[in-house]
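Asker: Here is the input, now give the coordinates:
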Amino acid sequence: MNYIIRADKVKSVKARLFIDINFPSLNVKEWILVTPKPPEHDTQSLRKYQALLNGAPTDIAVSNEFGPMRRDIFLERINADARTSRGINFGMEYEFDLYARKLVPGKYDKPLEDLDEFSRKAYLRPTNTVDWDSGEFQSWLKETPGMLKNSSDKDIVFAYNVYRYITDKGVYTTDKYLLANSKPSLACRTLMTDCGGFATLFTAVMRANGIPARTLDGWWAVSGAQTHCKAEFWAGGIGWVPVDITSGFKNPDRFFGRDYGDFITIHTDNDLVIDTIYWGQKEFWCDQGWLYWITSNGGSGAGQTFKGTWTVEKIKE
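Answerer: Below you'll find the model as predicted:
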């Protein structure tokens, strides 16, 4: 049977990702703020965006992180003045069109183009986070039935079987030790981690079997919602097939090959490398909010407060 991914627009929304930081005992000299620029994706189209500093519109530079994929980021450098030397309220206001995706029987009007060679290599490579080439992970693949793909297996069937194995046996946890050790080489043994750990584990199994896969890191499209992470894999002739492991724990049939247009991707895939300007390049598993660094003219960080907010409202059209 032939399959396609059908995409249907669900709604348009305005989303705001903000931070409010205060240093009552510090004289800040410069603020450096970084967040990924949400990508164009099958589930979303970024219509426009605006940076806001203390409630007023301000310009923001689009730059790139320094990992192999060179993903777009927003980078803001603010020389502090009387208004911002002790604290700052800063963020982005976005407008998105959101789309639901569903794997359904059918044929495209014209054959789907395959992944370009750069993307294929990027979504097959091992990384510090997706460490599928480690000895520990390779041993687990060999020991665990169904984790190695036979030459006769179709990619989509193999991926579904891996998804069901993880959703059947996985346990969601917020245990700090397990989350600090949630690389696939470790999480494969316990099958206890969070949404990011399970999405990365699924991605690692796919890549180890020659199937391009990636994580999607972002937020549910609901005010005050938590961050979330899901995955998708590339099936030749079909396209990117969505997989949401932890949402599938309670109802697995609803979250393989299905997105509901209720999620906003902040960046695709893990392992962003950010230039901190003064302190060199640093690698981050993911960045679903704001990273920031400061220089100062003296004082201390005593009494520092930090608050992040995420709000979403539907646009009436």
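Asker: and stretch 41-59, how far apart are its ends?
Answerer: One end of stretch 41-59 to the other measures 24 Å (Cα to Cα, to the nearest Å).
Asker: what about it, distance to the chain center?
Answerer: Centre-to-centre, stretch 41-59 and its host chain are 18 Å apart (Cα atoms, centre = their mean, to the nearest Å).
Asker: try stretch 18-29
Answerer: On Cα atoms, centre = their mean, the centre of stretch 18-29 falls 27 Å from that of its chain.
Asker: Which residues outside it are in contact with it?
Answerer: 33, 52, 79-80, 84-92, 289-290, 292, 294-310 (Cβ atoms under 8 Å, 6 or more residues apart in numbering). C-beta: built from backbone N, CA, C; applies to glycine.
Asker: quick one: buried residues of that stretch?
Answerer: Across stretch 18-29, burial judged by 16 or more other Cβ atoms under 10 Å covers F18, I19, I21, F23, L26, V28.
Asker: Need the per-residue pLDDT for the fifth one.
Answerer: Going back to what we said before, that points to L26. pLDDT for L26: 94.
Asker: hang on, the earlier thing: just the buried residues of the contacts of stretch 18-29.
Answerer: 33, 52, 80, 84-92, 289-290, 292, 294, 310.
Asker: Mind pulling the model confidence for the most centrally placed residue in the chain?
Answerer: For the chain, the residue nearest the mean C-alpha position is D217 (1.4 Å; Cα atoms, centre = their mean). Per-residue pLDDT puts D217 at 97.
Asker: what's near enough to touch the closest residue to V222 other than its chain neighbours?
Answerer: Leaving aside its sequence neighbours, V222 sits nearest to V312 (Cβ to Cβ, 6 or more residues apart in numbering; 5.8 Å). If a contact means Cβ under 8 Å, 6+ apart, then V312 has V13, K14, A15, R16, W219, A221, V222, S223, A225, I264 as its contacts.
Asker: Mind doing that once more with 7 Å?
Answerer: V13, A15, A221, V222, S223 (Cβ atoms under 7 Å, 6 or more residues apart in numbering).
Asker: number of nearby residues for Y94?
Answerer: Counted with other Cβ atoms under 10 Å, residues neighbouring Y94 total 21.
Asker: Could you check how far the residue lying closest to T129 once chain neighbours are set aside is from M69?
Answerer: With sequence-adjacent residues excluded and distances taken as Cβ to Cβ, 6+ apart, T129 is closest to N270, at 4.3 Å. Separation of N270 from M69 (Cβ to Cβ, to the nearest Å): 10 Å.
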